[in-house]
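In: Got a predicted structure plus its sequence, pasted below:
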Amino acid sequence: MDKLVIEGGVPLQGEIPISGAKNAALPLMAASLLAPGRHVFTNVPRLRDIRTMERLLHHMGARTEHQDALTIDTSSITRPEAPYELVKTMRASVLVLGPLAARHGRARVSLPGGCAIGARPIDLHLRGLQAMGAQVDLEGGYVHVHCERLRGTAFTFDQVTVTGTENLMMAASLAEGETVLENAAREPEVVDLADYLTAMGARIEGVGTAIIRIRGVESLNPGTHRVIPDRIETGTYLVAAGITGGRLRLTHCRPDHVDAVLRKLKDAGMTITQDGETLTAEASHGPIRSINATTWPYPGFPTDMQAQFMALMTLGDGVSIIKEQIFENRFMHVSELRRLGADIVLDGRSAVVRGVPFLSGAPVMATDLRASASLVLAGLAARGRTDVSRIYHLERGYENLDGKLQAVGARIRREKE
Ligand SMILES: CC(=O)N[C@H]1[C@@H](OP(=O)(O)OP(=O)(O)OC[C@H]2O[C@@H](n3ccc(=O)[nH]c3=O)[C@H](O)[C@@H]2O)O[C@H](CO)[C@@H](O)[C@@H]1O
Ligand SMILES: C=C(OP(=O)(O)O)C(=O)O
């Protein structure tokens with residue numbers, strides 16, 4: 001297994017191209033199950049999660065090829081199931097549930113189980129499918145879904161759920177009649193999925209708002225689609241500029257998708273300018289200002305940026321309170337950041353971060369993707385050497401992280417553990 005070795009203290013300078021969004025590409029890949037034939041996606045990042053979704057689709061009988069574009073041929077889906085071995089490595093596998101139920105009338109999908117950031121149940125996905133007429137049974141750790149053609153329904157989510165909204169939107173696209181989803185997620189990845197579904201022939205209104213209306217159609221056709229830029233990768237590299245005292249130009253991004261993050265980083269003293277699809281971020285000339293942040297569903301501050309923002313706040317000039325509202329246990333980075341010298345106290349769903357003058361390198365490891373990213377950021381700023389273990393988490397979600405950082409001057413390399 002590889003680890004990342006970072007010699008910190010270099011202000012990063014240069015240009016980083018932003019990749020396509022993992023969390024947009026995964027539901028798009030699942031959507032390919034809705035229409036037999038050849039689906040073509042461009043700007044798909046090369047990541048472990050994308051390969052896992054490919055393996056899952058192969059298991060069902062699809063063929064895939066990832067050259068410049070990712071092509072998925074779903075002409076022959078013979079096994080509508082998602083086995084535990086694949087689902088356990090990637091929760092987003094649950095996104096195949098809606099499309100399989102809608103097109104095949106049956107699905108057998110392993111329950112994803114808990115993970116490092118919280119319990120993450122899928123009860124709302126299942127209740128939505130039941131409301132559309134599906135029979136849902138849990139047996140042997142698997143969800144079994146059976147249905148004739150799904151029926152449109154009115155469904156209100158108790159809680160905003162991104163993949164839940166995506167699953168039901170896909171299912172409703174082929175259902176009989178109209179479905180109204182209330183308290184739906186408004187994330188850009190949901191909008192990107194709706195754009196592709198619409199291109200396939202689906203009739204969807206209200207996407208990007210809390211109420212989505214879907215009028216089911218008899219069948220959909222495969223198409224071609226470009227995946228939106230990754231807003232979390234964008235945010236992570238913005239913090240990299242701020243935490244190292246550097247200046248980075250991020251190209252191929254969607255500045256409008258990172259509004260809440262930009263506001264917080266500007267409040268913290270960074271200068272960030274926008275020119276079309278490029279963001280230029282420069283660290284604060286004085287000390288980093290400590291500011292508070294609370295995570296919310298989009299368009300609020302994203303939970304997927306909480307750990308990286310906390311890394312920045314460890315070097316703030318005062319006290320920052322960071323509140324996590326989405327996941328009950330998304331503070332696994334705190335104990336590791338402390339190993340680098342950070343002063344953080346947890347109080348329920350809040351972290352109280354007292355800025356310190358500097359961080360010092362140390363061996364660290366993390367148990368989830370964004371926590372690992374926060375440790376890389378802290379390591380880039382720390383004095384001395386930081387070894388970040390278990391980088392398979394990072395490989396789930398960051399395309400060529402070490403290569404992109406090396407290109408802007410970071411002293412970062414892979415070594416065998
Ligand atoms: C592949 C993907 O897109 N992953 C993202 C997606 O995850 P994911 O879609 O799994 O996260 P959700 O939006 O569903 O989770 C939000 C909250 O709702 C709860 N919940 C969710 C579903 C359900 O049936 N019951 C329930 O109680 C969850 O436990 C959590 O507390 O959105 C999260 C929140 O922005 C991000 O952190 C993840 O990166
Ligand atoms: C939590 C994340 O991913 P997943 O939902 O796939 O676990 C993430 O992208 O930060």
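Out: Great, that's in hand. Ligands and ions are numbered 1, 2, ... in the order given.
In: do stretch 345-360 and ligand 1 meet at all?
Out: No: Stretch 345-360 does not reach ligand 1 (CB under 6 Å from any ligand atom); its nearest approach is 11.2 Å. (Glycine included, C-beta is placed from N, CA and C.)
In: Just say helix, strand or coil for the one residue in the stretch 251-400 of the chain that gets nearest to ligand 2.
Out: As assessed by CB to the nearest ligand atom, ligand 2 sits closest to residue 304 within the stretch 251-400 of the chain, at 4.1 Å. The local conformation at residue 304, judged by DSSP: H, G, I helix; E, B strand; the rest coil, is helix.
In: So which residues on the stretch 51-200 of the chain come close to ligand 1?
Out: 91-92, 118-125, 159, 161-164, 189.
In: just these now: which is nearest residue 348?
Out: Closest approach between those and residue 348, by CB to CB: residue 118, at 13.8 Å.
In: Please report how far the spatially most central residue of the chain lies from residue 396.
Out: Centroid-nearest residue in the chain: residue 23, 4.3 Å away (criterion: CA atoms, centre = their mean). Per CB to CB, to the nearest Å, residue 23 is found 11 Å from residue 396.
In: Please name the nearest non-neighbouring residue to whichever residue of the stretch 151-300 of the chain sits closest to ligand 2.
Out: Closest approach of the stretch 151-300 of the chain to ligand 2 (CB to the nearest ligand atom) occurs at residue 232, with a separation of 6.4 Å. The spatial neighbour of residue 232 that comes closest, neighbours along the chain excluded (CB to CB, 6 or more residues apart in numbering), is residue 304 at 4.5 Å.
In: From what I see, that neighbour and residue 371 are in contact.
Out: No: in terms of CB atoms under 8 Å, residue 304 does not count as a neighbour of residue 371; the distance is 10.7 Å.
In: With neighbour numbers in mind, choose between those two.
Out: Neighbour count, other CB atoms under 10 Å: between residue 304 and residue 371, residue 371 has more, with 28 against 25.
In: who does the helix or strand harbouring the more buried one touch, helix- and strand-wise?
Out: Using DSSP states H and E, residue 371 sits in helix 369-381. In terms of contacts (3 or more CB pairs under 8 Å, 6 or more residues apart in numbering; DSSP states H and E), helix 369-381 is packed against strand 2-7, helix 231-244, helix 306-313, helix 333-339, strand 363-365, strand 385-389, helix 392-397, helix 401-407.
In: Format those as CSV; extra columns: mean pLDDT, distance to residue 281 and mean neighbour count.
Out: Shown next, in CSV, are these (pLDDT from 0 to 100; distance: least, CB to CB, whole Å; neighbours: other CB atoms under 10 Å):
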stretch, mean pLDDT, distance to residue 281, mean neighbour count
strand 2-7, 96, 20, 20
helix 231-244, 98, 4, 27
helix 306-313, 98, 12, 28
helix 333-339, 97, 22, 20
strand 363-365, 96, 25, 19
strand 385-389, 97, 22, 20
helix 392-397, 93, 20, 20
helix 401-407, 98, 14, 18
